[in-house]
Structures are given as structure tokens and as C-alpha cells.
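Visitor: my questions concern the predicted model and sequence given below.
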Amino acid sequence: MRLIPKQLLLILLLSCSMLSASEIDKDKGYELKFEIDGLRPDTIYMLSYKGNVMNHFDTAFVDNKGAFVFKNDKKLLVGMYGVYSKTPYNGTQLFIKFIGKEKTMSMKTDTLDFINNLKIEGSKENSLFFGMIQYSAQLGEKATELSNKLKDEKKDSDKYNKIKKEISAFRDKYYSYRDSVINNYPKLFVATILRTSIDPVIPEIPILPNGREDSTFSFRYYKKHYFDNIDLSDRRLFRSQIMHNKVFNYLDKMTPMIPDSIIKSVDVILKGTKEDSVTFRYFAAKLLYRYDTSKVVGMSNVLFHIANEYYKDDKAYWMDSTQMADVKRRVEMLRYNQIGKQAIDLSLPDWEGKKHRISDIKSDFTILFFYSASCGHCKKEAPKLLDLYHKYGKDVVSVYAVEGTNDRKKWEEFVKDLELDWINVADPDEKSHFRQYYDVRSFPTVYLLDKRKKILLKRVSVESLDKTIERDKAGDN
């Protein structure tokens with residue numbers, strides 16, 4: 001049984017002053033001394049965190065006694081740092097995390113047990129937190145012994161229930177220790193770190209008018225209060241993995257993979273980080289990239305929302321004019337084709353000059369197929385789409401195929417060779433702006449519209465079309 005969250009077990013806080021204040025600049029600079037018995041002469045690295053990214057911060061060299069010093073004139077900002085060696089010891093990679101805060105620090109440990117043999121001096125904050133880690137490890141060993149005994153007992157027997165109470169008591173001891181640190185030292189960064197591990201306490205589940213419990217109450221409450229114990233604008237937490245992990249756990253595990261739900265969660269995150277420019281920049285950029293590169297259907301809706309809401313009016317201060325122009329162009333390409341929106345009507349001619357409007361199509365579903373007669377991939381996809389079209393018939397599915405290069409000869413050859421008996425049109429005058437309205441950046445580009453001509457799917461495969469049509473047809477019956 002684990003008494004504390006896994007991420008906290010990884011955190012080793014080291015520190016201590018061994019130099020007088022006169023030996024180092026009062027406002028900046030640091031000198032960090034380490035001694036690890038059993039460490040061989042080697043190059044060793046100090047890493048810093050920005051979100052979940054570790055960056056090289058400093059380099060030191062281990063002497064014959066396992067001692068090394070990181071010394072630099074640059075400021076050591078409060079946050080999580082790490083000591084890293086490429087050489088494994090006892091089958092374990094040397095990677096020790098610590099809170100960087102003191103200008104002077106020292107620690108002693110050995111390669112047999114980096115954690116339990118670590119000795120700290122001079123830093124109240126780090127001593128408290130490391131003491132908690134050692135205490136929780138002791139509780140964990142005892143709880144594990146009891147958990148093993150529990151397996152041999154009959155469920156709900158007196159002995160079984162007694163062991164469960166003992167395990168619960170160990171958990172309560174850990175929580176009591178953690179809470180005492182938070183309450184007695186509320187201004188220390190260690191208290192901030194510990195607060196992030198506290199989950200919302202779910203109140204009693206309410207009873208609905210029908211007499212049943214509200215089955216989704218616990219999840220909704222937990223999600224609503226998920227960030228109660230973390231300040232998203234706290235740059236110190238940004239300089240660790242904690243905030244990054246909390247945010248993406250919220251997106252990946254607490255948020256349904258539905259564009260509208262994701263947009264609401266994104267707003268919680270970006271509005272929460274906006275008070276700190278550095279943290280806001282990190283998450284705004286991460287989320288923009290995440291949903292721009294996502295292959296999940298509908299994520300362009302999220303991308304549009306982020307770009308439209310958080311990359312305007314100088315909010316994205318880190319971008320130059322060229323980058324901002326690119327984002328604005330992307331926004332305009334997405335403005336008219338978000339899933340759930342009414343599709344822009346097109347009225348384009350076939351090669352005999354007769355115009356066909358999307359809005360005149362009466363089928364249950366309309367597939368928009370933007371392609372080039374010179375595109376090899378289009379030639380492979382068109383027959384698959386034709387089979388789908390014939391499978392359902394035009395009462396159920398119509399195909400509105402737009403040739404995008406206006407090469408009349410190749411267009412006619414393409415249609416006749418493949419015997420495409422759906423609506424074949426082109427844009428010879430290039431006045432319809434279909435590329436902008438439907439975000440056509442490459443061929444083929446495929447959309448699925450419902451009977452009201454609202455966008456159901458965009459930029460998808462023929463296989464995805466078939467599954468959605470089959471599903472929605474079954475839902476209508």
C-alpha cells in the first residue's frame with residue numbers, strides 16, 4: 001500500500017549552509033556542496049525544471065571522496081532541481097531531486113541508499129520535507145507487512161477488520177504529519193508542495209427526486225474542486241513537474257474527450273495561470289501545440305478556441321509579428337468549419353456549367369470531397385468513397401466532390417475513369433473561397449454533414465465516415 005502519492009516519493013530535498021553569507025553574493029549566486037560516499041570520479045549535472053522539461057543548469061566534477069560542488073553567480077530561483085549522473089549505482093541511476101532555495105547548501109549520503117542515509121543541515125524547509133519522506137517510508141514498510149497478512153485472512157473476519165484498521169491508522173499518521181507541516185509552516189514552499197497532494201473531500205452524495213443517489217455527483221464535485229489546493233499562477237510550482245502533471249491529469253483523466261468539455265477545462269487552466277506571465281506562456285503554448293497536432297476528431301475546435309481567445313490583443317506577448325500573423329491565419333482557416341457549426345453553402349458548376357448547391361441536397365448525410373485530379377492518394381480514396389456512396393444510396397448519402405486544381409482535362413478523365421456518378425463540381429473562377437471555409441490545405445480533404453448541413457466530421461478517412469453514418473442511422477431508428 002502506498003501512503004503518499006508516487007510523485008512525492010521521488011522528491012528528495014537537500015540543503016544546508018556550510019559557507020558564511022560573506023562568501024557569496026547577497027542577492028544572487030549559489031554554492032551547493034554534496035558528498036556521496038561510494039560515488040566514483042565522474043562528471044555530474046545539475047538540472048532545473050520548467051513544467052515537465054528538465055534543462056541543464058550546471059556541471060560539476062566528482063573527486064576521489066565522492067564530493068562535488070555546484071558554484072555559479074547566476075540566481076537560484078525557487079523550484080525543483082536535480083542532481084544527475086549517467087553512471088548507475090547498485091542498479092539505480094543517480095537522480096536526486098531537491099528544492100533550490102538556499103544560496104548555500106550541503107548534503108551527505110551514500111550510494112547504498114540515497115534516501116534513507118541522507119543527512120541534511122541548515123534548511124528548516126528541506127529538513128521538514130525530507131523528514132516526512134523518511135517517516136512515510138517507515139510507515140509504508142509496516143503497512144506493506146500488514147497488507148501481506150491481510151491476503152491470508154478471510155474477508156470481513158475479525159482479524160481481517162483489525163488489520164484494515166491498523167493500515168488505516170498508518171495512513172492517518174501520515175496525513176497528520178503532512179498537515180502539521182502545512183499548518184505550522186504555511187509560508188514555506190514545502191507546504192505549498194504538500195498542499196498539492198491533498199485531494200478534495202467528497203461530501204455526502206445527494207438523493208435525486210426519484211429517490212436514487214446522484215451517480216455522477218462525486219466525479220463532478222471532484223473535478224470542480226480539483227485545483228482547490230494548487231495555485232496555477234505559482235511560478236515555483238511551474239519550476240517542478242507538479243503543476244504540469246496536475247494540469248495534464250485534469251485534461252486526460254478528468255475531462256471527457258469532447259471538444260466543448262475540453263474547451264471548458266482549457267479555460268480553467270489558462271485563466272488560472274494568467275496572473276503569472278511565464279506560467280501562462282508555458283501552458284498556452286503547450287495547449288496550442290497539443291490540439292494543433294492532435295489526430296482526434298474535433299480537436300480543431302479546441303485549437304480555434306485557444307488561438308482565438310488567448311492569442312490576441314497582445315496576450316501572447318512572447319510571439320513576434322510574423323508568428324502572430326501565422327496564428328491569425330490559422331484562426332481564420334478554422335473559423336467557419338468547426339464541428340457542430342453550420343457548413344458554409346457552396347454553389348459550384350459541373351463541367352457543363354450547371355450549378356449545384358450544397359443546401360439543395362436532401363440526403364440524410366452529405367460528404368464533401370475536396371480533391372485534385374493529379375493527386376495519387378485521391379485516386380486511391382475515391383473508389384473507397386464510391387463504394388460507400390453506393391452502399392447507402394443517395395437517399396442516405398450524397399457526395400459533393402470539388403476538384404481543386406481546375407485542370408479541366410484531367411478532371412474529366414478522373415471522373416470518367418473512376419465512373420464517379422455523384423455530384424462533380426469545380427471552382428474555375430476561384431471565387432467560392434472553399435479552401436478558407438473548409439480549411440483545405442491538402443488533398444483529399446473530407447467532411448461529413450448531417451441532414452441540416454451541420455458539420456459532423458472533418459478531415460477524416462472513409463472508414464470513419466462509414467462508422468459514423470452507421471451509428472447515426474441506428475440512433476435515428
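Guide: Structure received. Numbering: from 1, shown residues only.
Visitor: for the longest strand anywhere in the chain, what is the distance to the chain centroid?
Guide: Secondary structure of the chain per DSSP state E: the longest strand is strand 79-89. Centre-to-centre, strand 79-89 and its host chain are 25 Å apart (C-alpha atoms, centre = their mean, to the nearest Å).
Visitor: mind giving me the packing neighbours of that strand?
Guide: strand 43-50, strand 92-100, helix 235-238 (3 or more C-beta pairs under 8 Å, 6 or more residues apart in numbering; DSSP states H and E). C-beta coordinates here come from the backbone N, C-alpha and C atoms, glycine included.
Visitor: what mean pLDDT does it have?
Guide: What strand 79-89 shows for mean pLDDT is 87.
Visitor: check stretch 39-51 too.
Guide: 93.
Visitor: can you give me the buried ones in that stretch?
Guide: 39, 44-51 (16 or more other C-beta atoms under 10 Å).
Visitor: could you dump those residues to a markdown table with distance to S197?
Guide: Below are the buried residues of stretch 39-51 laid out as a markdown table (distance: C-beta to C-beta, whole Å):
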| residue | distance to S197 |
| --- | --- |
| L39 | 31 |
| I44 | 29 |
| Y45 | 28 |
| M46 | 25 |
| L47 | 23 |
| S48 | 22 |
| Y49 | 17 |
| K50 | 21 |
| G51 | 19 |
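Visitor: out of those residues, who's nearest T92?
Guide: L39 (12.5 Å; C-beta to C-beta).
Visitor: quick check: the closest one is in a helix.
Guide: No. According to DSSP: H, G, I helix; E, B strand; the rest coil, L39 belongs to no helix; its state is coil.
Visitor: any idea how far D110 is from it?
Guide: To D110, L39 is 8 Å away according to C-beta to C-beta, to the nearest Å.
Visitor: swap in L232?
Guide: Distance, L232 to D110, by C-beta to C-beta: 39 Å.
Visitor: output the helices and strands packed on strand 79-89 as TSV; include the columns distance to T279.
Guide: TSV is the format used below for the helices and strands packed on strand 79-89 (distance: least, C-beta to C-beta, whole Å):
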stretch	distance to T279
strand 43-50	10
strand 92-100	18
helix 235-238	4
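Visitor: out of those, nearest to V190?
Guide: Closest among those, using C-beta to C-beta: strand 92-100, at 7.1 Å.
Visitor: quick revisit: among the helices and strands packed on strand 79-89, which is nearest M80?
Guide: Comparing these under C-beta to C-beta, the one sitting nearest is strand 43-50, at 4.8 Å.
Visitor: got the angle for the closest one vs strand 92-100?
Guide: When axes from the mean of the first three to the mean of the last three C-alpha atoms, to 10 degrees is applied, the directions of strand 43-50 and strand 92-100 differ by 50 degrees.
Visitor: can you state the direction angle for strand 43-50 and strand 79-89?
Guide: 150 degrees.
Visitor: contacts for strand 43-50?
Guide: The contact list for strand 43-50, computed with C-beta atoms under 8 Å, 6 or more residues apart in numbering, reads 32, 54-62, 68, 70, 79-86, 94, 100, 238-241, 282.
Visitor: next helix or strand past it?
Guide: strand 53-61 (DSSP states H and E).
Visitor: what strands flank the helix or strand following that next one, and is each parallel or antiparallel?
Guide: Remark: after strand 53-61, the chain's next helix or strand is strand 67-72, criterion DSSP H and E. Strand 67-72 pairs in its sheet with strand 30-37 (antiparallel), by DSSP bridges.
Visitor: what about the partner strand, distance to the chain center?
Guide: Distance, centroid of strand 30-37 to centroid of chain: 35 Å (C-alpha atoms, centre = their mean).
Visitor: what sits up against that strand?
Guide: Outside strand 30-37, the residues within contact range by C-beta under 8 Å, 6+ apart are 14, 18-19, 23-24, 46, 60, 62, 65-72, 74-76, 83, 94, 100, 102-111, 114.
Visitor: that strand vs strand 53-61, what angle?
Guide: 70 degrees.
Visitor: touching, K154 and N161? I think so.
Guide: No. K154 is beyond contact range of N161, at 10.4 Å (criterion: C-beta atoms under 8 Å).
Visitor: who has more neighbours, those two?
Guide: Shown here are K154 and N161; by other C-beta atoms under 10 Å, N161 has more neighbours (12 against 8).
Visitor: so that one belongs to a strand, correct?
Guide: No. Counting by three-state DSSP, N161 is located in no strand; its state is helix.
Visitor: show me where the stretch 301-450 of the chain has strands.
Guide: Counting by DSSP state E, counting those that start in this stretch, the segments of the stretch 301-450 of the chain that form strands are 347-349, 355-357, 365-371, 397-403, 423-426, 445-449.
Visitor: mind checking which of those strands is nearest E213?
Guide: Of all the strands of the stretch 301-450 of the chain, strand 445-449 sits nearest to E213, with 38.8 Å by C-beta to C-beta.
Visitor: how many neighbours does D429 have?
Guide: D429 has 9 neighbours, counted by other C-beta under 10 Å.
Visitor: and it, how far is that from S347?
Guide: For D429, the distance to S347 - C-beta to C-beta - is 12 Å.
Visitor: same question for S261.
Guide: For S261, the distance to S347 - C-beta to C-beta - is 36 Å.
Visitor: now do M46
Guide: 65 Å.
Visitor: again, but for I193
Guide: 61 Å.
Visitor: same question, G404
Guide: Distance from G404 to S347, by C-beta to C-beta: 16 Å.
Visitor: more neighbours, those two?
Guide: G404 (23 against 12).
Visitor: so who does that one touch?
Guide: Contacts of G404 by C-beta under 8 Å, 6+ apart are 370-372, 426-427, 434-435, 440, 443.
Visitor: pLDDT value on it, please?
Guide: 91.
Visitor: ditto for L3
Guide: Predicted confidence (pLDDT) for L3: 34.
Visitor: what does I163 give?
Guide: Reading off the model, I163 has pLDDT 86.
Visitor: what distance do you get for the residue of the chain most remote from its centre to E125?
Guide: For the chain, the residue at maximal distance from the C-alpha centroid (C-alpha atoms, centre = their mean) is E352, at 51.2 Å. Applying C-beta to C-beta, the value for E352 to E125 is 80 Å.
Visitor: now do the helices in the stretch 351-477 of the chain.
Guide: With DSSP state H, counting those that start in this stretch, the ranges of helices along the stretch 351-477 of the chain come out as 376-392, 408-418, 434-437, 462-476.
Visitor: for the closest residue to P200 other than its chain neighbours, what are phi and psi?
Guide: Using C-beta to C-beta, 6 or more residues apart in numbering and skipping residues adjacent in sequence, the residue nearest P200 is H225, 3.8 Å away. H225 adopts backbone torsions of phi -110, psi 20, taken as degrees, to the nearest 10.
Visitor: equivalent analysis for E204, please.
Guide: According to degrees, to the nearest 10, E204 has phi -60, psi 140.
Visitor: how many residues are close by it?
Guide: Neighbours around E204, by other C-beta under 10 Å: 7.
Visitor: what of E412?
Guide: 14.
Visitor: check contacts around it.
Guide: W351.
Visitor: many thanks, we can stop here.
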